[in-house]
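[1] Sharing a sequence plus its predicted fold:
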Amino acid sequence: MYMSLSESKIETPLAKIKKIRFIVNPISGVFKKKNIEKRLEKGLNSHRFSFDVCQTEYAGHAIELSRQAVEDGCDIVVAVGGDGSLHEVIRHLVGTDVALGIIPAGSGNGFAMHAGVGRRINKAISILNEGHIRQIDTISLNGTPYINLSGLGFDAAIAYHFGHTRSRGLSEYARLVFREARQFPFYNVEIQLDDDEPFRRECLIVVAANSPVYGYNMAVAPSACIDDGKIEVMIFNKAPKWKYWMSFPKSLNNGIERAGFSERYKAKRLRVKIPDDSFIHMDGEGFKDSGMLDYIVQPASLNIILPPK
């Protein structure tokens with residue numbers, strides 16, 4: 001017997017949820033989304049749900065569309081896109097009763113892959129029809145929530161440049177990795193976990209993870225868990241670049257924690273003092289920042305429709 005969300009954190013079947021809004025990012029990923037309404041009309045259970053579709057028109061538009069969906073009384077808001085679309089859509093869902101749904105249509109779809117939604121749109125629609133709700137954690141960075149991963153350093157530089165190219169897909173991502181690997185510096189940062197004493201590291205990447213994988217199923221924090229109330233912190237310290245290349249297969253087999261240059265921690269709060277003009281990303285959306293990064297876990301803060309465990 002399933003319990004209500006107010007009674008339990010376990011997955012729950014939808015009850016009396018009828019109004020769904022789909023927020024479509026038309027330029028995310030490499031998939032065509034022009035026929036998404038026809039696929040929804042054909043696949044979504046019309047006896048249980050009514051739906052409408054909005055398309056984003058500019059960067060950040062999904063944030064406003066999500067806010068409007070909550071104000072309009074939607075029971076479910078579905079992000080049709082990749083991790084970046086999820087990042088924008090959850091902004092006004094965290095801490096509410098409104099559930100997040102996922103139609104994976106981005107380039108990497110890291111969170112959707114890890115959470116069992118996969119890459120196939122028809123499968124994602126069937127998951128919405130089944131309607132199992134879980135409560136999961138989110139993490140806030142300086143007050144802004146994210147669902148998957150945030151990184152500082154090399155991975156953020158890749159995300160930043162990837163977001164400023166017109167090309168999409170794995171080949172473009174790989175091209176940027178090879179280009180940046182030849183020139184990217186190590187960052188000198190100060191790190192504090194919870195209320196422990198701060199320590200310094202010279203590193204290539206610092207990751208604050210809610211779930212384990214980037215897009216394309218590359219596991220950077222294999223032990224991260226979306227409902228354990230903790231931030232998974234991975235620090236990749238200064239080492240010869242060839243060692244990083246040699247460790248790449250480990251990231252595809254959940255073994256990056258065993259790399260000799262990595263450190264792993266769990267914390268409820270992470271603070272990182274960073275150099276000026278550092279590369280940062282949240283859910284693959286890259287930007288630059290300076291000063292202090294303040295990560296705080298928000299346990300059981302987001303309702304999400306996922307396959308049952």
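    Everything's here; your move.
[2] For the stretch 201-309 of the chain, which segments count as helices?
    Assigned by DSSP state H, counting those that start in this stretch, the stretch 201-309 of the chain shows helices spanning 241-251.
[3] and stretch 97-110, average pLDDT?
    The average pLDDT for stretch 97-110 rounds to 91.
[4] Pull out the buried positions in that stretch.
    Buried residues in stretch 97-110, defined by neighbour count with 16 or more other C-beta atoms under 10 Å: 98-110. The way it works is simple: take the backbone N, C-alpha and C, and place the C-beta from them, glycine included.
[5] Identify the farthest-apart pair in the residues you listed.
    The most widely separated members of the buried residues of stretch 97-110 are Val98 and Ser107, with 26.3 Å between them, by C-beta to C-beta.
[6] Need the contact partners of stretch 274-294.
    82-84, 86-87, 108, 110-111, 141-142, 144, 146-163, 187-189, 214-215, 269-273 (C-beta atoms under 8 Å, 6 or more residues apart in numbering).
[7] Give me the buried subset of those.
    Judged by 16+ other C-beta under 10 Å, buried ones among the contacts of stretch 274-294: 82-84, 86-87, 108, 110-111, 141, 146-162, 187, 189, 214-215, 270-272.
[8] So which of those are in helices?
    Judged by DSSP state H, the buried ones among the contacts of stretch 274-294 include 83-84, 86-87, 110-111, 154-162 as members of helices.
[9] from these, which single one is nearest Phe236?
    Nearest member of those to Phe236, counting by C-beta to C-beta, is Phe154, at 8.1 Å.
[10] residue contacts, the closest one?
    Contacts here follow C-beta under 8 Å, 6+ apart; on that basis Phe154 touches Glu180, Ala181, Phe184, Leu204, Ile205, Phe279.
[11] Find the residue closest to the first one in space, skipping its chain neighbours.
    Residue nearest to Glu180 in three dimensions, not counting chain neighbours: Ala157, with 5.4 Å by C-beta to C-beta, 6 or more residues apart in numbering.
[12] Now do the one you found against Gly106, distance only.
    Separation of Ala157 from Gly106 (C-beta to C-beta, to the nearest Å): 19 Å.
[13] Counting neighbours, what do you get for Lys238?
    Lys238 sits with 13 neighbouring residues when counted by other C-beta atoms under 10 Å.
[14] Equivalent analysis for Thr96, please.
    13.
[15] Could you confirm it falls within a helix?
    No - with DSSP: H, G, I helix; E, B strand; the rest coil as the criterion, Thr96 is located in coil rather than a helix.
[16] my guess is it meets Val70, correct?
    Yes - look at Thr96 against Val70 with C-beta atoms under 8 Å: they come within range, at 6.1 Å.
[17] Dump stretch 152-163 to PDB, keeping only the CA atoms.
    Output of stretch 152-163 as PDB, limited to C-alpha atoms (Å, rounded to 0.1, in the frame of the first residue of the first chain):
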ATOM      1  CA  LEU A 152      34.400  23.800 -10.600                       C
ATOM      2  CA  GLY A 153      37.300  23.800 -13.100                       C
ATOM      3  CA  PHE A 154      37.900  21.800 -16.200                       C
ATOM      4  CA  ASP A 155      34.500  20.200 -16.500                       C
ATOM      5  CA  ALA A 156      32.900  23.600 -16.000                       C
ATOM      6  CA  ALA A 157      35.100  25.100 -18.800                       C
ATOM      7  CA  ILE A 158      33.900  22.300 -21.100                       C
ATOM      8  CA  ALA A 159      30.300  23.100 -20.200                       C
ATOM      9  CA  TYR A 160      30.800  26.800 -20.700                       C
ATOM     10  CA  HIS A 161      32.300  26.400 -24.100                       C
ATOM     11  CA  PHE A 162      29.800  23.700 -25.100                       C
ATOM     12  CA  GLY A 163      27.000  26.100 -24.300                       C
END
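[18] Quickly list the domain ranges of this protein.
    12-137, 144-298 (automatic domain parsing).
[19] TSV for the ones you listed, including distance to Lys309?
    Below are those laid out as TSV (distance: least, C-beta to C-beta, whole Å):
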stretch	distance to Lys309
domain 12-137	8
domain 144-298	10
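[20] In terms of pLDDT, where does the residue nearest to Glu180 sit?
    So, for Ala157, pLDDT stands at 88.
[21] before we move on, what about the one 10 residues further on?
    Each residue has a pLDDT score; the one for Ser167 is 68.
[22] how close does Asp137 get to Pro212?
    13 Å.
[23] actually Pro222, not the one I typed
    Counting by C-beta to C-beta, the gap from Pro222 to Pro212 is 5 Å.
[24] export the helix or strand hosting Glu41 as PDB, just CAs?
    Element membership for Glu41, per DSSP states H and E: helix 36-43. Taking Å, rounded to 0.1, in the frame of the first residue of the first chain, the C-alpha atoms of helix 36-43 are listed here in PDB:
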ATOM      1  CA  ILE A  36       6.100  16.200 -29.600                       C
ATOM      2  CA  GLU A  37       2.500  17.200 -29.300                       C
ATOM      3  CA  LYS A  38       1.400  14.400 -31.600                       C
ATOM      4  CA  ARG A  39       3.400  11.900 -29.600                       C
ATOM      5  CA  LEU A  40       1.800  13.100 -26.400                       C
ATOM      6  CA  GLU A  41      -1.700  13.000 -27.800                       C
ATOM      7  CA  LYS A  42      -1.000   9.400 -28.900                       C
ATOM      8  CA  GLY A  43       0.900   8.100 -25.800                       C
END
